[in-house]
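Engineer: compute the structure for the input listed below.
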Amino acid sequence: MVQGPYRYVRNPMISGVIFVLCGEALLLRSWPHATWALIFLGINTIYIPLIEEPGLAKRFGEGYREYCRHVPRLVPRLRPWERRGRDPGQAA
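Structural biologist: Predicted structure coming up:
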């Protein structure tokens with residue numbers, strides 16, 4: 001079951017940190033802050049699809065893969081995703 005911010009983006013905490021780091025860099029006009037924001041973004045754009053998501057797909061199967069097809073990894077959707085039909089994890 002997908003609820004809350006996970007209906008908009010798969011990694012809301014990482015997205016939030018990236019937005020805050022970018023905001024700090026812009027507000028402070030700081031190249032070190034901008035560099036750190038880019039490094040953090042780069043690490044997560046490598047780690048999440050190569051390490052985290054394959055493990056989740058193996059653990060949760062087709063339901064997770066469907067979720068990935070509809071909900072973006074880091075940039076939130078404008079409208080929440082609502083799964084159509086029965087959740088395979090629910091009893092019949």
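Engineer: just for the chain, where's the confidence low?
Structural biologist: Counting by pLDDT under 70, the ranges of the chain that qualify are 1, 85-92.
Engineer: just want the most central residue of it.
Structural biologist: Centre of the chain computed as the mean C-alpha position; nearest residue by C-alpha atoms, centre = their mean is N11, 2.5 Å away.
Engineer: thought that residue was touching P76?
Structural biologist: No - taking C-beta atoms under 8 Å as the definition, N11 is not a contact partner of P76, at 9.9 Å. In this view, the C-beta of every residue, glycine as well, is placed from N, C-alpha and C.
Engineer: what strand or helix carries R84?
Structural biologist: With the criterion set as DSSP states H and E, no secondary-structure element contains R84; it sits in neither a helix nor a strand.
Engineer: can you pull out the helices in the protein?
Structural biologist: With DSSP state H as the criterion, the chain has helices at 12-28, 31-47, 53-60, 62-70.
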